[in-house]
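Q: Coordinates for the following, if possible.
(chains A and B)
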Amino acid sequence: MTNRTDYCGTLTTADVGRSVTVCGWVSKRREHGEHLAFVDLRDHTGIVQCVVDKARDLRSEYVLAITGIVRERPDDTINAALATGAIEIGDATVEVLSVAEPPPFQIDSRVDVDETIRIRHRYLDLRNKRMQSNLRTRAKVNSAIRNGMESEGFVEVETPMLIASTPEGARDFVVPSRLKPGSFYALPQSPQLFKQLCMVGGIDRYFQIARCMRDEDLRADRQFEFSQLDMEMSFADGDDVRAAVSEAVALATEAVTGSRPTEFPEMSWHDAMNRFGSDKPDVRFAMELAELTDLFSDTGFKAFQAPCIKGICMKGAADELGRNKLDNLTDAAKRWGAKGLVWLKVGEDGEVTSPVAKFMSESEIAGVLERLGAETGDVCFLVADGWRKTVHILGLLRIELGRPAVTEGGLNFLWVVDFPLFEDVDEAGNPVPAHHPFTMPHADDVELLAAAGSDPQRLLDVRSQAYDLVLNGWELGSGSVRIHRGDIQQQIFDLLGISEEEAQRKFGFLLDAFRFGAPPHAGFAFGIDRLVALLCGEENIREVIAFPKTQSGGDPLTNAPTPIDDAQLDELGLRVLPQPE
RNA sequence: GGUCCCGUGGUGAAGUUUGGAGUUCACGCCGGCCUGUCAAGCCGGAGGUCGCGGGUUCAAAUCCCGUCGGGACCGCCA
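A: Next up, the predicted model:
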């Protein structure tokens, strides 16, 4: 094979006169009779036009090495749409390195090919500029993060993929043990406990670009396996961690976009929920939730005799939202758990149209419009329920109605801080931790924690030192200051209803380690797939993953998952139950 | 566990509401012509289990039921 001298997309008028050899795939062929044909040759850098004598047997996606002289094109044949459009490779001799069948879809097609077909033939899809660009962006992000973390004194430590299963958190992927039949490893949901052990081990600053696995339902922003920047710092608090993570994210962003984000504002969890109805608010657009509860303190409208009433206003939507669409939104709200959804349209002269206007007083309606800043042409949506449910439903509705396209509105990073320590109370009366049970309570709330005793409602007010990083409404990641003191850890376990025996069984190795001198430490992890997708302007993380799975967890390329044969099962001491009808 | 949307030659779409011959458009593919094209052009051609199964009907891509596959979302993701 002739040695490659240049990449297709890099040749310019500066190369005119050189004899070059380029290698790649036939992107397009244009024949003009027996003695003139243009072959567009593609590699990852782009396309270059080659002028050849006989092209009859050069078909799409053939792999060629083409040697010729770079020359300027005649003035009237310059192609401004092509980076190499001012030159061509003339007098080309062609070496066919591989022939190719016609591909199942056109690789330079500008139409969206069905994603299943793209994934089934991902090796062809990867030849597309889009996937080439996305994967190279991803590599840039990884590289920028590694460089940044290392320059800040972080040490990359690899942690095991085969670990012990713990029933907390997400569903584990498990791997059967051959040497100990009937026992199983779990694949890590994150290296959480190991990075804390690294802190006990004096690593001081740990990081890892870690693959994590969670057996939960897939979404546009969730795959079974994903990559995260996992990090942990000793003798550091939440501010230190957020500064370090902000720096890493800023470097990664700068590596891709060329400009460095400077704003990483903080917002309390309570503010986020109250104003945006979400713990991962998309602050690219307003449509904030307005407080309306007090307006209806003496209302005769039964549906609004509720602990919390809030509303949002969609500007200028009155014409766009017909009765049919409003009914669909009401149905959606009910599917999300609302008892109902009240809408008001503001017409000319402030005249209000609403199915429930007759149940509301004039002053109540006037108050709603004033609080929401509603004017002619706007549509208001009101929900009445408990605080959590009200803000949740309006938050979903806000996203449904107002969310900009992924490529719009720039990159809005946001730290959400002061998460509650407990999310809810389960049937047994035990509080449910919002993060993991090693999350340090907020320093100001330690007394509240003690005073609340086992009163679950008061416990829900206890804040934690947990924080999330949010980008344009996507949760990039979360972290916390960890508990490094045995007495506080014991207090938390007591509140969670975890017995000493249970704690020892599940986390014994970590608790043991902490007895030998644990430094105060704090950490974070953020999803690289999500960050890269947003930097690439993709709505879906599958577009930044070389070989992704479908929503039902299958891989159309390899057909995974597949049954395994009996001999393999026998060796592992496993038997597959018959599937229920 | 649930809600909604999609499935039509190799690819992308229209046709489905209101049942009437596998109909249409673009790309690709195969053959022919063509010495400056560039998503080349012109001429000709091949290519179909309308995802699958059942039902209604004289008649189903179209209506009904089921099922499979794909997607978005709720739940879930400490």
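Q: Now do the strands in the stretch 401-550 of chain A.
A: Taking DSSP state E, counting those that start in this stretch, the strands of the stretch 401-550 of chain A run over residues A:413-417, A:422-425, A:431-433, A:466-471, A:474-481, A:521-527.
Q: Which positions in stretch A:7-17 come out as buried?
A: By neighbour count on 16 or more other C-beta atoms under 10 Å, the buried set for stretch A:7-17 is A:7, A:8, A:9, A:11, A:15. (Each C-beta comes from the backbone N, C-alpha and C, glycine too.)
Q: Least confident secondary structure element in chain A?
A: Ranking every helix and strand in chain A by mean pLDDT, DSSP states H and E puts helix A:456-459 at the bottom, with a mean of 81.
Q: for that one, packing partners?
A: Judged by 3 or more C-beta pairs under 8 Å, 6 or more residues apart in numbering; DSSP states H and E, helix A:456-459 is in contact with strand A:422-425, helix A:446-452.
Q: Turn these into TSV, columns for mean neighbour count and mean pLDDT.
A: Listed next are the helices and strands packed on helix A:456-459 as TSV, based on neighbours: other C-beta atoms under 10 Å; pLDDT from 0 to 100:
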stretch	mean neighbour count	mean pLDDT
strand A:422-425	16	84
helix A:446-452	15	84
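Q: Looking at the ones you listed, spot the one closest to RNA strand B.
A: Among the helices and strands packed on helix A:456-459, the nearest to RNA strand B by C-beta to the nearest atom of the strand is strand A:422-425 (6.2 Å).
Q: in its sheet, what does that closest one sit against?
A: Its sheet considered, strand A:422-425 pairs with strand A:431-433 (antiparallel) by DSSP bridges.
Q: So is the strand it pairs with next to RNA strand B?
A: Yes: using C-beta under 7 Å from any atom of the strand as the criterion, contacts between strand A:431-433 and RNA strand B involve A:432, A:433.
Q: For that strand, the averaged confidence score.
A: Strand A:431-433 shows a mean pLDDT of 85.
Q: got the contact list for that strand?
A: A:421-426, A:439, A:456, A:459-460, A:492, A:495-496 (C-beta atoms under 8 Å, 6 or more residues apart in numbering).
Q: among these, which are in reach of RNA strand B?
A: Okay, of those touching RNA strand B (C-beta under 7 Å from any atom of the strand), that's residue A:423.
Q: Next up, the contacts around the closest residue to residue A:290 other than its chain neighbours.
A: Setting aside the residues directly before and after it, residue A:290 is nearest to residue A:371 in space (C-beta to C-beta, 6 or more residues apart in numbering), at 4.5 Å. Residue A:371 is in contact with A:290, A:291, A:292, A:295, A:311, counting by C-beta under 8 Å, 6+ apart.
Q: ok so, going back, in strands only, show me the buried residues of stretch A:7-17.
A: Residues of those located in strands (DSSP state E): none.
Q: so can I have TSV of those showing distance to RNA strand B and pLDDT?
A: Output for the buried residues of stretch A:7-17, formatted as TSV (distance: C-beta to the nearest atom of the strand, whole Å; pLDDT from 0 to 100):
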residue	distance to RNA strand B	pLDDT
A:7	18	97
A:8	13	97
A:9	13	96
A:11	14	96
A:15	15	96
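Q: which residues in the stretch 51-200 of chain A form helices?
A: Remark: helices assigned in the stretch 51-200 of chain A by DSSP state H, counting those that start in this stretch are A:115-120, A:122-125, A:129-151, A:192-200.
Q: The helix or strand just after the last one near RNA strand B anywhere?
A: Spelled out, that is helix A:192-200. On the C-terminal side of helix A:192-200, the closest following helix or strand by DSSP states H and E is strand A:205-213. No: legend: contact between strand A:205-213 and RNA strand B by C-beta under 7 Å from any atom of the strand is lacking; minimum distance shown is 9.3 Å.
Q: Now chain A against RNA strand B: closest residue?
A: Counting by C-beta to the nearest atom of the strand, chain A gets nearest to RNA strand B through residue A:33 (2.0 Å).
Q: ok, residue A:40 touching residue A:27?
A: Yes: using C-beta atoms under 8 Å, residue A:40 is in contact with residue A:27, at 4.3 Å.
Q: Touching both of the two, which residues are there?
A: Common neighbours of residue A:40 and residue A:27 (C-beta under 8 Å, 6+ apart) are residue A:47.
Q: Same list, the strands of the stretch 401-550 of chain A, but as TSV with distance to residue A:451 please.
A: Formatted as TSV, these follow (distance: least, C-beta to C-beta, whole Å):
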stretch	distance to residue A:451
strand A:413-417	23
strand A:422-425	15
strand A:431-433	15
strand A:466-471	21
strand A:474-481	21
strand A:521-527	25
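Q: which stretch among those comes nearest residue A:154?
A: Closest to residue A:154 of those is strand A:521-527 (C-beta to C-beta; 10.9 Å).
Q: Mean confidence (pLDDT) on that closest one, please.
A: 97.
Q: Check which strands are paired with that strand and give the direction for each one.
A: strand A:225-234 (antiparallel), strand A:474-481 (antiparallel).
Q: how's chain A carved up into domains?
A: Domain assignment for chain A by automatic domain parsing gives A:8-98, A:120-266+A:467-484+A:519-573, A:286-402, A:420-463+A:486-518.
Q: Now do the third one, average pLDDT.
A: Going back to what we said before, that points to domain A:286-402. On average, domain A:286-402 scores 93.
Q: From one end of it to the other, what's the distance?
A: End-to-end distance of domain A:286-402: 8 Å, with C-alpha to C-alpha, to the nearest Å as the criterion.
Q: wait, isn't residue A:134 in contact with residue A:541?
A: No: the criterion here is C-beta under 8 Å, and residue A:134 misses it with residue A:541 at 10.2 Å.
Q: Compare neighbour counts for the two and give me the winner.
A: Using other C-beta atoms under 10 Å, the more surrounded residue of residue A:134 and residue A:541 is residue A:541, with 25 against 22.
Q: show me what contacts the more buried one?
A: Per C-beta under 8 Å, 6+ apart, neighbours of residue A:541: A:220, A:221, A:222, A:223, A:226, A:529, A:530, A:532, A:533, A:548.
Q: tell me which parts of the stretch 151-300 of chain A are close to RNA strand B?
A: So the stretch 151-300 of chain A meets RNA strand B at A:168-171, A:189-190, A:192, A:214, A:216-222 (C-beta under 7 Å from any atom of the strand).
Q: how about a cut-off of 10 Å?
A: A:166-171, A:188-193, A:196, A:212, A:214-223, A:226, A:278-280 (C-beta under 10 Å from any atom of the strand).
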